[in-house]
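> Need the 3D shape of this:
(one chain, ligands or ions: 2)
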Amino acid sequence: MKNKKYTIVTYGCQMNEHDSEKISWLLEKMGYEWTDNKKESDLIIYNTCLVRENAELRVYGQLGALKNLKRRKPDLVIAVCGCMMQREEARNVILSKYKHVDIIFGTSNIHKLPQLINRYEQTGKTVVDIVEDDRETIEEVEANRKYSFKAFVNIMYGCNNFCTYCIVPYTRGREKSREPEHILKEIQELGEKGYKEITLLGQNVNSYGKTLGYDYSFAKLLREVNKIDGIERIRFMTSHPKDLSDELIKAISELDKVCEQLHLPVQSGSNRVLKAMNRKYTKEDYILLIEKITKAVPNIAISTDIIVGFPGETEEDFNETLDLIKKVKYDSAFTFLYSIREGTVAANMKNQVPNRIKHERFQRLLDTIYPIFYEQNLKYMNKVVEVLVEEVSKNNDNVLTGRTRTGKLVHFEGDKSLIGKLVNVKITTVKSFTLEGYII
Ligand code: 5AD
Ligand code: SF4
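Ligands and ions are numbered 1, 2, ... in the order given. As a prediction, this is how the structure comes out:
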(Lines give C-alpha, C1' and ligand atoms only; values in the text may rest on other atoms or scores of the structure.)
(Ligands and ions follow the chains in the order given, each with its own letter.)
Protein backbone atom coordinates (compact mmCIF):
# COMPACT_ATOMS: atom_id res chain seq x y z
CA MET A 1 0.00 0.00 0.00
CA LYS A 2 1.16 3.52 -0.80
CA ASN A 3 2.28 5.54 2.20
CA LYS A 4 -0.14 8.16 3.41
CA LYS A 5 0.97 11.76 3.01
CA TYR A 6 0.83 14.60 5.51
CA THR A 7 1.49 18.31 5.62
CA ILE A 8 1.80 20.71 8.55
CA VAL A 9 1.11 24.44 8.35
CA THR A 10 2.83 26.22 11.23
CA TYR A 11 2.04 29.69 12.55
CA GLY A 12 3.81 31.66 15.25
CA CYS A 13 7.02 31.36 17.16
CA GLN A 14 10.01 28.98 17.19
CA MET A 15 8.30 27.03 19.96
CA ASN A 16 5.56 26.14 17.52
CA GLU A 17 8.02 25.40 14.73
CA HIS A 18 9.81 22.98 17.01
CA ASP A 19 6.52 21.38 18.09
CA SER A 20 5.79 20.81 14.39
CA GLU A 21 9.16 19.04 14.07
CA LYS A 22 8.01 16.73 16.88
CA ILE A 23 4.65 16.11 15.24
CA SER A 24 6.47 15.30 12.02
CA TRP A 25 8.67 12.75 13.83
CA LEU A 26 5.59 11.02 15.27
CA LEU A 27 3.84 10.89 11.90
CA GLU A 28 6.85 9.50 10.06
CA LYS A 29 7.14 6.78 12.71
CA MET A 30 3.53 5.91 11.81
CA GLY A 31 4.57 5.62 8.15
CA TYR A 32 3.31 8.97 6.88
CA GLU A 33 5.36 10.82 4.24
CA TRP A 34 5.77 14.60 4.02
CA THR A 35 4.29 16.57 1.12
CA ASP A 36 4.12 20.31 0.47
CA ASN A 37 0.92 19.87 -1.46
CA LYS A 38 -2.34 20.05 0.47
CA LYS A 39 -4.29 18.50 -2.41
CA GLU A 40 -2.30 15.26 -2.25
CA SER A 41 -2.31 15.12 1.57
CA ASP A 42 -4.21 12.49 3.54
CA LEU A 43 -3.65 14.47 6.73
CA ILE A 44 -3.37 18.25 7.09
CA ILE A 45 -2.39 19.74 10.44
CA TYR A 46 -2.59 23.39 11.42
CA ASN A 47 -0.29 24.30 14.29
CA THR A 48 -1.83 27.58 15.40
CA CYS A 49 -0.79 30.78 17.17
CA LEU A 50 -2.89 33.12 19.27
CA VAL A 51 -0.46 35.92 20.03
CA ARG A 52 -2.06 38.37 17.60
CA GLU A 53 -5.45 38.46 15.97
CA ASN A 54 -4.23 38.20 12.36
CA ALA A 55 -2.51 34.84 13.06
CA GLU A 56 -5.86 33.62 14.34
CA LEU A 57 -7.87 34.99 11.42
CA ARG A 58 -5.51 33.37 8.92
CA VAL A 59 -6.18 29.95 10.44
CA TYR A 60 -9.93 30.40 10.11
CA GLY A 61 -9.43 31.59 6.53
CA GLN A 62 -7.35 28.52 5.67
CA LEU A 63 -9.79 26.14 7.34
CA GLY A 64 -12.68 27.71 5.45
CA ALA A 65 -10.83 27.17 2.18
CA LEU A 66 -10.43 23.44 2.97
CA LYS A 67 -14.18 22.77 3.08
CA ASN A 68 -14.31 22.02 -0.62
CA LEU A 69 -11.26 19.78 -0.58
CA LYS A 70 -12.75 17.73 2.23
CA ARG A 71 -16.02 17.42 0.31
CA ARG A 72 -14.18 16.07 -2.72
CA LYS A 73 -11.88 13.89 -0.61
CA PRO A 74 -13.86 12.66 2.43
CA ASP A 75 -10.97 10.50 3.68
CA LEU A 76 -8.83 13.57 4.21
CA VAL A 77 -8.15 14.08 7.94
CA ILE A 78 -7.88 17.67 9.16
CA ALA A 79 -6.34 18.40 12.55
CA VAL A 80 -5.83 21.67 14.41
CA CYS A 81 -3.41 22.05 17.34
CA GLY A 82 -1.23 24.71 18.98
CA CYS A 83 -1.95 27.69 21.21
CA MET A 84 -5.36 28.54 19.77
CA MET A 85 -6.64 25.12 20.75
CA GLN A 86 -5.67 25.69 24.39
CA ARG A 87 -8.52 28.24 24.51
CA GLU A 88 -12.05 26.97 24.90
CA GLU A 89 -13.48 29.90 22.91
CA ALA A 90 -11.41 29.03 19.84
CA ARG A 91 -12.22 25.31 20.16
CA ASN A 92 -15.91 26.16 20.26
CA VAL A 93 -15.61 28.24 17.09
CA ILE A 94 -13.96 25.30 15.31
CA LEU A 95 -16.50 22.79 16.62
CA SER A 96 -19.49 24.90 15.60
CA LYS A 97 -18.35 26.58 12.37
CA TYR A 98 -15.66 24.32 10.94
CA LYS A 99 -17.28 20.92 11.29
CA HIS A 100 -14.92 19.43 8.71
CA VAL A 101 -12.10 19.57 11.29
CA ASP A 102 -11.61 16.01 12.62
CA ILE A 103 -9.02 16.26 15.36
CA ILE A 104 -8.33 19.00 17.90
CA PHE A 105 -5.40 18.71 20.29
CA GLY A 106 -3.32 21.05 22.44
CA THR A 107 0.29 22.00 23.10
CA SER A 108 0.75 19.54 25.97
CA ASN A 109 -0.40 16.31 24.38
CA ILE A 110 1.42 16.19 21.06
CA HIS A 111 2.71 12.72 21.99
CA LYS A 112 -0.86 11.38 21.83
CA LEU A 113 -1.39 12.28 18.18
CA PRO A 114 -1.01 8.69 16.86
CA GLN A 115 -3.72 7.53 19.29
CA LEU A 116 -5.97 10.44 18.34
CA ILE A 117 -5.64 9.64 14.64
CA ASN A 118 -6.50 6.00 15.32
CA ARG A 119 -9.47 7.00 17.45
CA TYR A 120 -10.77 9.25 14.69
CA GLU A 121 -10.27 6.59 12.03
CA GLN A 122 -12.12 4.00 14.09
CA THR A 123 -15.08 6.16 15.13
CA GLY A 124 -15.31 8.79 12.38
CA LYS A 125 -16.23 11.25 15.13
CA THR A 126 -14.43 14.53 15.89
CA VAL A 127 -11.74 13.92 18.49
CA VAL A 128 -10.93 16.67 21.01
CA ASP A 129 -8.05 16.13 23.41
CA ILE A 130 -6.62 18.97 25.49
CA VAL A 131 -4.44 18.90 28.61
CA GLU A 132 -4.02 22.11 30.55
CA ASP A 133 -0.48 22.24 31.82
CA ASP A 134 1.76 19.19 31.79
CA ARG A 135 4.41 18.92 29.05
CA GLU A 136 6.41 16.19 30.77
CA THR A 137 5.31 13.30 28.58
CA ILE A 138 6.45 15.21 25.51
CA GLU A 139 10.00 14.54 26.72
CA GLU A 140 9.75 11.17 24.99
CA VAL A 141 8.92 12.67 21.61
CA GLU A 142 11.89 13.24 19.36
CA ALA A 143 11.94 15.81 16.57
CA ASN A 144 12.19 15.41 12.83
CA ARG A 145 14.39 18.45 12.51
CA LYS A 146 14.18 20.64 9.44
CA TYR A 147 17.96 21.03 9.17
CA SER A 148 20.74 18.51 9.89
CA PHE A 149 23.18 21.11 11.20
CA LYS A 150 21.11 23.49 13.37
CA ALA A 151 18.48 22.60 15.91
CA PHE A 152 16.03 24.02 18.39
CA VAL A 153 16.12 22.63 21.91
CA ASN A 154 13.39 23.42 24.44
CA ILE A 155 14.79 24.26 27.85
CA MET A 156 11.56 25.37 29.49
CA TYR A 157 7.85 25.62 28.83
CA GLY A 158 5.22 28.21 29.71
CA CYS A 159 5.52 31.69 31.18
CA ASN A 160 4.81 33.27 34.58
CA ASN A 161 5.17 36.91 33.62
CA PHE A 162 1.66 37.91 32.67
CA CYS A 163 2.56 40.92 30.56
CA THR A 164 -0.87 42.52 30.35
CA TYR A 165 -1.14 42.31 26.52
CA CYS A 166 -0.02 38.69 26.21
CA ILE A 167 -2.09 35.53 25.93
CA VAL A 168 0.85 33.10 26.24
CA PRO A 169 0.60 32.47 30.00
CA TYR A 170 -3.03 31.45 29.44
CA THR A 171 -2.24 29.04 26.59
CA ARG A 172 1.16 27.58 27.42
CA GLY A 173 0.59 27.50 31.18
CA ARG A 174 2.99 28.10 34.04
CA GLU A 175 6.73 28.28 33.61
CA LYS A 176 8.50 24.96 33.99
CA SER A 177 12.17 24.23 33.35
CA ARG A 178 13.31 20.92 31.88
CA GLU A 179 15.88 19.00 33.92
CA PRO A 180 19.40 20.08 32.92
CA GLU A 181 20.56 16.48 32.39
CA HIS A 182 17.75 15.88 29.87
CA ILE A 183 18.69 19.04 27.99
CA LEU A 184 22.41 18.26 28.02
CA LYS A 185 21.82 14.67 26.87
CA GLU A 186 19.72 15.91 23.96
CA ILE A 187 22.42 18.39 22.93
CA GLN A 188 25.18 15.78 23.33
CA GLU A 189 23.30 13.53 20.92
CA LEU A 190 22.87 16.41 18.49
CA GLY A 191 26.61 17.12 18.69
CA GLU A 192 27.36 13.45 17.95
CA LYS A 193 25.05 13.54 14.94
CA GLY A 194 26.96 16.48 13.47
CA TYR A 195 24.74 19.40 14.52
CA LYS A 196 26.82 22.58 14.77
CA GLU A 197 24.36 25.17 16.03
CA ILE A 198 21.66 24.96 18.68
CA THR A 199 19.07 27.49 19.78
CA LEU A 200 17.85 27.08 23.35
CA LEU A 201 14.15 27.91 23.47
CA GLY A 202 11.89 29.24 26.18
CA GLN A 203 9.48 32.14 26.69
CA ASN A 204 11.93 33.61 29.19
CA VAL A 205 15.19 31.65 29.16
CA ASN A 206 16.81 34.04 31.64
CA SER A 207 14.70 32.63 34.45
CA TYR A 208 15.69 29.05 33.57
CA GLY A 209 16.15 26.87 36.64
CA LYS A 210 13.79 28.68 39.00
CA THR A 211 11.25 25.84 39.04
CA LEU A 212 13.79 23.01 39.42
CA GLY A 213 13.78 23.05 43.23
CA TYR A 214 17.59 23.30 43.47
CA ASP A 215 20.16 25.95 42.65
CA TYR A 216 20.63 26.10 38.87
CA SER A 217 20.72 29.12 36.55
CA PHE A 218 20.62 29.79 32.83
CA ALA A 219 24.24 30.98 32.98
CA LYS A 220 25.22 27.62 34.48
CA LEU A 221 23.33 25.78 31.76
CA LEU A 222 25.16 27.82 29.09
CA ARG A 223 28.49 26.89 30.68
CA GLU A 224 27.59 23.19 30.50
CA VAL A 225 26.32 23.40 26.92
CA ASN A 226 29.51 25.22 25.92
CA LYS A 227 31.51 22.08 26.86
CA ILE A 228 29.66 19.79 24.45
CA ASP A 229 31.79 18.47 21.57
CA GLY A 230 30.65 19.17 18.03
CA ILE A 231 28.44 22.13 18.92
CA GLU A 232 30.08 25.31 17.64
CA ARG A 233 27.38 27.92 18.07
CA ILE A 234 24.88 28.45 20.89
CA ARG A 235 21.95 30.82 20.56
CA PHE A 236 18.97 31.33 22.85
CA MET A 237 15.63 33.09 22.90
CA THR A 238 13.69 34.83 24.35
CA SER A 239 15.26 36.91 27.11
CA HIS A 240 13.28 39.14 29.46
CA PRO A 241 15.19 42.31 30.44
CA LYS A 242 14.11 42.01 34.08
CA ASP A 243 15.98 38.68 34.40
CA LEU A 244 19.16 39.42 32.45
CA SER A 245 21.62 39.03 35.31
CA ASP A 246 25.28 40.09 35.56
CA GLU A 247 26.11 36.39 35.92
CA LEU A 248 24.49 35.77 32.53
CA ILE A 249 26.23 38.73 30.84
CA LYS A 250 29.53 37.37 32.14
CA ALA A 251 28.75 33.92 30.77
CA ILE A 252 27.84 35.32 27.34
CA SER A 253 31.10 37.28 27.21
CA GLU A 254 33.29 34.39 28.37
CA LEU A 255 31.88 31.40 26.52
CA ASP A 256 33.39 30.97 23.07
CA LYS A 257 30.44 29.09 21.55
CA VAL A 258 27.75 31.50 22.74
CA CYS A 259 27.03 33.74 19.76
CA GLU A 260 27.29 37.53 19.87
CA GLN A 261 23.57 37.97 19.56
CA LEU A 262 20.82 38.92 21.99
CA HIS A 263 17.09 39.16 21.41
CA LEU A 264 15.89 41.46 24.19
CA PRO A 265 12.25 42.52 23.73
CA VAL A 266 11.66 46.05 25.01
CA GLN A 267 8.02 46.43 23.86
CA SER A 268 7.91 50.19 24.59
CA GLY A 269 10.22 53.06 25.54
CA SER A 270 7.67 54.79 27.78
CA ASN A 271 7.87 54.09 31.51
CA ARG A 272 4.15 54.66 31.88
CA VAL A 273 3.34 52.13 29.16
CA LEU A 274 5.95 49.65 30.45
CA LYS A 275 4.24 49.81 33.84
CA ALA A 276 0.81 49.26 32.31
CA MET A 277 2.29 46.33 30.40
CA ASN A 278 3.61 44.86 33.69
CA ARG A 279 7.12 44.60 32.26
CA LYS A 280 8.88 45.40 35.57
CA TYR A 281 11.69 47.58 34.15
CA THR A 282 12.04 51.19 33.05
CA LYS A 283 13.47 52.71 29.90
CA GLU A 284 16.50 53.73 31.96
CA ASP A 285 16.99 50.18 33.34
CA TYR A 286 16.84 48.83 29.80
CA ILE A 287 19.36 51.31 28.40
CA LEU A 288 21.70 50.55 31.30
CA LEU A 289 21.45 46.84 30.50
CA ILE A 290 22.32 47.51 26.86
CA GLU A 291 25.31 49.56 27.96
CA LYS A 292 26.47 46.73 30.23
CA ILE A 293 26.10 44.03 27.61
CA THR A 294 27.74 46.02 24.80
CA LYS A 295 30.65 46.79 27.10
CA ALA A 296 31.05 43.08 27.91
CA VAL A 297 30.49 41.88 24.31
CA PRO A 298 31.38 44.84 22.04
CA ASN A 299 30.31 43.34 18.70
CA ILE A 300 26.99 41.93 19.96
CA ALA A 301 23.93 42.31 17.69
CA ILE A 302 20.81 43.28 19.59
CA SER A 303 17.29 42.69 18.38
CA THR A 304 13.94 43.38 19.98
CA ASP A 305 10.15 43.24 19.89
CA ILE A 306 8.16 46.48 19.87
CA ILE A 307 4.42 46.95 20.26
CA VAL A 308 2.79 50.09 18.86
CA GLY A 309 -0.56 51.35 20.12
CA PHE A 310 -0.81 49.67 23.52
CA PRO A 311 -3.93 51.04 25.31
CA GLY A 312 -3.37 54.57 26.54
CA GLU A 313 -0.19 55.11 24.47
CA THR A 314 0.05 58.86 23.82
CA GLU A 315 2.11 60.69 21.23
CA GLU A 316 4.56 61.47 24.01
CA ASP A 317 4.81 57.77 24.99
CA PHE A 318 5.39 56.79 21.38
CA ASN A 319 8.14 59.40 21.03
CA GLU A 320 9.84 57.80 24.03
CA THR A 321 9.91 54.54 22.06
CA LEU A 322 11.45 56.29 19.04
CA ASP A 323 14.00 57.90 21.33
CA LEU A 324 14.93 54.55 22.86
CA ILE A 325 15.34 52.98 19.42
CA LYS A 326 17.75 55.72 18.40
CA LYS A 327 19.75 55.28 21.59
CA VAL A 328 19.97 51.48 21.46
CA LYS A 329 20.64 51.17 17.71
CA TYR A 330 19.07 47.80 17.11
CA ASP A 331 20.32 45.32 14.52
CA SER A 332 16.83 44.05 13.87
CA ALA A 333 13.36 44.10 15.38
CA PHE A 334 9.95 42.51 15.21
CA THR A 335 7.40 45.30 15.21
CA PHE A 336 3.75 44.73 16.06
CA LEU A 337 0.50 46.65 16.13
CA TYR A 338 -1.12 46.07 19.51
CA SER A 339 -3.80 43.42 19.10
CA ILE A 340 -6.59 42.91 21.64
CA ARG A 341 -6.42 39.40 23.10
CA GLU A 342 -9.60 38.51 24.99
CA GLY A 343 -8.82 37.19 28.46
CA THR A 344 -5.78 39.43 29.02
CA VAL A 345 -5.78 42.43 31.35
CA ALA A 346 -5.09 44.96 28.56
CA ALA A 347 -8.10 43.77 26.56
CA ASN A 348 -10.33 45.39 29.18
CA MET A 349 -8.46 48.69 29.32
CA LYS A 350 -10.80 51.48 28.34
CA ASN A 351 -8.34 53.68 26.48
CA GLN A 352 -7.71 51.63 23.33
CA VAL A 353 -5.78 53.53 20.63
CA PRO A 354 -7.74 54.06 17.38
CA ASN A 355 -6.56 51.96 14.43
CA ARG A 356 -5.72 54.98 12.31
CA ILE A 357 -3.31 56.31 14.93
CA LYS A 358 -1.78 52.87 15.48
CA HIS A 359 -1.04 52.51 11.76
CA GLU A 360 0.34 56.01 11.46
CA ARG A 361 2.71 55.43 14.41
CA PHE A 362 3.68 52.04 13.03
CA GLN A 363 4.82 53.65 9.79
CA ARG A 364 6.85 56.24 11.70
CA LEU A 365 8.41 53.42 13.71
CA LEU A 366 9.52 51.64 10.53
CA ASP A 367 10.82 54.90 9.02
CA THR A 368 12.97 55.37 12.12
CA ILE A 369 14.19 51.83 12.61
CA TYR A 370 15.05 50.68 9.04
CA PRO A 371 17.86 53.24 8.57
CA ILE A 372 19.27 52.09 11.93
CA PHE A 373 19.40 48.48 10.74
CA TYR A 374 21.26 49.68 7.65
CA GLU A 375 23.64 51.75 9.75
CA GLN A 376 24.37 48.72 11.94
CA ASN A 377 24.98 46.52 8.89
CA LEU A 378 27.42 49.05 7.42
CA LYS A 379 29.86 47.96 10.13
CA TYR A 380 30.22 44.69 8.22
CA MET A 381 31.37 46.31 4.97
CA ASN A 382 34.69 44.79 3.75
CA LYS A 383 34.85 42.59 6.86
CA VAL A 384 35.33 38.82 6.82
CA VAL A 385 32.63 36.96 8.73
CA GLU A 386 32.11 33.31 9.66
CA VAL A 387 28.91 32.01 8.07
CA LEU A 388 27.08 28.74 8.70
CA VAL A 389 25.73 27.85 5.24
CA GLU A 390 22.01 27.07 5.50
CA GLU A 391 20.44 26.70 2.07
CA VAL A 392 20.34 27.55 -1.61
CA SER A 393 18.75 30.95 -2.21
CA LYS A 394 15.10 30.81 -3.24
CA ASN A 395 15.72 33.14 -6.19
CA ASN A 396 19.03 31.89 -7.57
CA ASP A 397 20.45 28.33 -7.64
CA ASN A 398 24.05 29.54 -7.60
CA VAL A 399 23.56 31.64 -4.50
CA LEU A 400 23.78 30.28 -0.97
CA THR A 401 22.43 31.84 2.20
CA GLY A 402 23.70 31.49 5.71
CA ARG A 403 24.06 33.34 8.98
CA THR A 404 26.88 35.04 10.85
CA ARG A 405 27.38 34.39 14.55
CA THR A 406 25.51 37.65 15.10
CA GLY A 407 22.50 36.26 13.21
CA LYS A 408 22.89 38.34 10.03
CA LEU A 409 21.61 36.77 6.84
CA VAL A 410 24.36 36.61 4.19
CA HIS A 411 24.09 35.80 0.44
CA PHE A 412 27.10 34.59 -1.54
CA GLU A 413 27.91 32.38 -4.51
CA GLY A 414 28.83 28.78 -3.81
CA ASP A 415 28.07 25.13 -4.32
CA LYS A 416 25.27 23.46 -2.39
CA SER A 417 27.74 20.87 -1.05
CA LEU A 418 28.73 23.63 1.40
CA ILE A 419 25.35 23.51 3.15
CA GLY A 420 25.87 22.77 6.84
CA LYS A 421 29.50 23.94 6.77
CA LEU A 422 31.17 27.01 8.24
CA VAL A 423 32.79 29.28 5.64
CA ASN A 424 34.42 32.69 5.71
CA VAL A 425 32.74 35.36 3.62
CA LYS A 426 34.05 38.82 2.74
CA ILE A 427 31.19 41.33 2.75
CA THR A 428 30.97 43.57 -0.32
CA THR A 429 27.36 44.81 -0.25
CA VAL A 430 25.25 45.88 2.69
CA LYS A 431 21.45 46.26 2.84
CA SER A 432 19.02 46.86 5.71
CA PHE A 433 18.14 43.18 6.10
CA THR A 434 20.94 41.25 4.36
CA LEU A 435 24.65 41.24 3.61
CA GLU A 436 26.29 40.02 0.40
CA GLY A 437 29.81 38.88 -0.30
CA TYR A 438 32.09 36.13 -1.55
CA ILE A 439 33.72 33.12 0.06
CA ILE A 440 37.45 33.53 0.75
N1 5AD B 1 -0.41 42.52 20.44
C2 5AD B 1 0.71 42.79 19.74
N3 5AD B 1 1.87 42.16 19.93
C4 5AD B 1 1.92 41.21 20.88
N5 5AD B 1 2.94 40.42 21.29
C6 5AD B 1 2.47 39.61 22.26
N7 5AD B 1 1.16 39.87 22.49
C8 5AD B 1 0.79 40.87 21.64
C9 5AD B 1 -0.41 41.57 21.41
N10 5AD B 1 -1.51 41.31 22.10
C11 5AD B 1 4.29 40.51 20.76
C12 5AD B 1 5.28 40.92 21.84
C13 5AD B 1 6.05 39.65 22.09
C14 5AD B 1 6.01 39.00 20.75
C15 5AD B 1 6.28 37.54 20.73
O16 5AD B 1 4.69 39.25 20.29
O17 5AD B 1 6.12 41.92 21.31
O18 5AD B 1 7.37 39.90 22.54
FE1 SF4 C 1 4.08 36.93 26.89
FE2 SF4 C 1 5.45 38.52 28.59
FE3 SF4 C 1 5.55 35.83 28.86
FE4 SF4 C 1 6.76 36.99 26.78
S5 SF4 C 1 7.30 37.29 28.96
S6 SF4 C 1 5.42 35.15 26.73
S7 SF4 C 1 5.40 38.69 26.32
S8 SF4 C 1 3.73 37.13 29.15
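> Are stretch 233-251 and ligand 2 in contact anywhere?
Yes - using CB under 6 Å from any ligand atom, we find that stretch 233-251 touches ligand 2 at residue 240. C-betas here are computed from N, CA, C, even on glycine.
> If you average the pLDDT over that stretch, what comes out?
Average pLDDT, stretch 233-251: 96.
> ditto for stretch 373-381
Mean predicted lDDT for stretch 373-381 stands at 98.
> Need the residues that contact that stretch.
301, 329-333, 404, 408, 427-428, 430-433, 435 (CB atoms under 8 Å, 6 or more residues apart in numbering).
> Kindly confirm my reading that residue 316 forms part of a strand.
No - going by DSSP: H, G, I helix; E, B strand; the rest coil, the assignment for residue 316 is helix, not a strand.
> Just give the nearest non-adjacent residue to it, would you?
Spatial nearest neighbour of residue 316, chain neighbours left out: residue 270 (7.5 Å); criterion: CB to CB, 6 or more residues apart in numbering.
> sorry, back to before: from the contacts of stretch 373-381, which ones fall inside strands?
Here DSSP state E is the test, and those give 301, 332-333, 404, 427-428, 430, 435 as lying in strands.
> Out of those residues, which end up buried?
Among the ones in strands among the contacts of stretch 373-381, those classed as buried by 16 or more other CB atoms under 10 Å are 301, 332-333, 404, 427, 430, 435.
> Between these, which sits nearest ligand 2?
Of all those, ligand 2 sits closest to residue 333, with 14.7 Å by CB to the nearest ligand atom.
> Contacts only, for the closest one.
Counted by CB under 8 Å, 6+ apart, residue 333 has contacts 303-306, 325, 369, 373.
> on that earlier part again, most widely separated two among the ones in strands among the contacts of stretch 373-381?
333 and 428 (25.4 Å; CB to CB).
> Domain ranges for this structure, per the record?
5-129, 150-377, 381-439 (automatic domain parsing).
> quick revisit: and which of the buried ones among the ones in strands among the contacts of stretch 373-381 is nearest residue 114?
Proximity of these to residue 114 was ranked by CB to CB; the top entry is residue 332 with 38.9 Å.
> how about the residue lying closest to that closest one once chain neighbours are set aside, secondary structure?
Leaving aside its sequence neighbours, residue 332 sits nearest to residue 303 (CB to CB, 6+ apart; 4.4 Å). On the three-state scheme (three-state DSSP), residue 303 is labelled strand.
> number of nearby residues for residue 303?
Here the number of neighbours of residue 303 (other CB atoms under 10 Å) works out to 18.
> and the residue of the stretch 301-440 of the chain found nearest ligand 2, how far is that from ligand 1?
Residue nearest to ligand 2 within the stretch 301-440 of the chain: residue 305 (7.8 Å; CB to the nearest ligand atom). As judged by CB to the nearest ligand atom, to the nearest Å, residue 305 and ligand 1 stand 3 Å apart.
> which residues touch that residue?
Contacts of residue 305 by CB under 8 Å, 6+ apart are 263, 265-267, 333-336.
> Can you narrow those down to the ones near ligand 2?
Counting by CB under 6 Å from any ligand atom, no member of these reaches ligand 2.
> What subset of the residues you listed is buried?
263, 265-267, 333, 336.
> Quickly check the residues you listed for the two that are furthest apart.
Longest span within these, CB to CB: 263 and 336, 14.3 Å.
> which SSE is whatever residue of the stretch 251-400 of the chain ends up closest to ligand 2 in?
Among all residues of the stretch 251-400 of the chain, residue 265 sits closest to ligand 2, at 6.8 Å; criterion: CB to the nearest ligand atom. Residue 265 belongs to no helix or strand when elements are defined using DSSP states H and E.
> do the same with residue 224
Counting by DSSP H and E, the element that carries residue 224 is helix 218-225.
> Does the helix or strand following that helix reach ligand 1?
Next helix or strand after helix 218-225 toward the C-terminus (DSSP H and E): strand 233-237. No - using CB under 6 Å from any ligand atom, strand 233-237 stays clear of ligand 1, coming no nearer than 9.9 Å.
> could you say what helices and strands the helix or strand following strand 233-237 packs with?
Next in sequence after strand 233-237, counting helices and strands by DSSP H and E, comes helix 246-254. Contacts defined by 3 or more CB pairs under 8 Å, 6 or more residues apart in numbering; DSSP states H and E place helix 246-254 against helix 218-225, helix 283-296.
> how many other residues sit next to residue 243?
Residue 243, neighbours per other CB under 10 Å, totals 18.
> Show the model's pLDDT score for the closest residue to residue 186 other than its chain neighbours.
Once flanking residues are discounted, residue 186 sits nearest to residue 153: 5.8 Å by CB to CB, 6+ apart. In the predicted model, residue 153 carries a pLDDT score of 96.
> How about residue 435?
For residue 435, pLDDT reads 98.
> So it versus residue 424, what's the distance?
From residue 435 across to residue 424, the span is 13 Å (CB to CB, to the nearest Å).
> Common neighbours of those two, please.
With CB under 8 Å, 6+ apart as the test, residue 435 and residue 424 both reach residue 385.
> picking that back up, go through the ones in strands among the contacts of stretch 373-381 and say which is closest to ligand 1.
Nearest member of the ones in strands among the contacts of stretch 373-381 to ligand 1, counting by CB to the nearest ligand atom, is residue 333, at 9.6 Å.
> how about the helices of the stretch 251-400 of the chain, start to end?
In the stretch 251-400 of the chain, the helices defined using DSSP state H, counting those that start in this stretch lie at 271-276, 283-296, 315-328, 355-378.
> what angle do the longest one and helix 315-328 make?
When axes from the mean of the first three to the mean of the last three CA atoms, to 10 degrees is applied, the directions of helix 355-378 and helix 315-328 differ by 10 degrees.
> residues from the stretch 151-300 of the chain in reach of ligand 1?
Going by CB under 6 Å from any ligand atom, the residues of the stretch 151-300 of the chain near ligand 1 are 165-166, 265, 267.
> Please apply the same query to the stretch 1-150 of the chain.
With CB under 6 Å from any ligand atom as the criterion, the stretch 1-150 of the chain comes near ligand 1 at residues 51-52.
> Could you list the low-pLDDT ranges of the stretch 1-150 of the chain?
By pLDDT under 70, the weakly predicted segments of the stretch 1-150 of the chain are 1, 133-137.
> What are the boundaries of the helices in it?
Using DSSP H, counting those that start in this stretch, helices in the stretch 1-150 of the chain cover 14-29, 53-65, 67-72, 88-97, 113-123.
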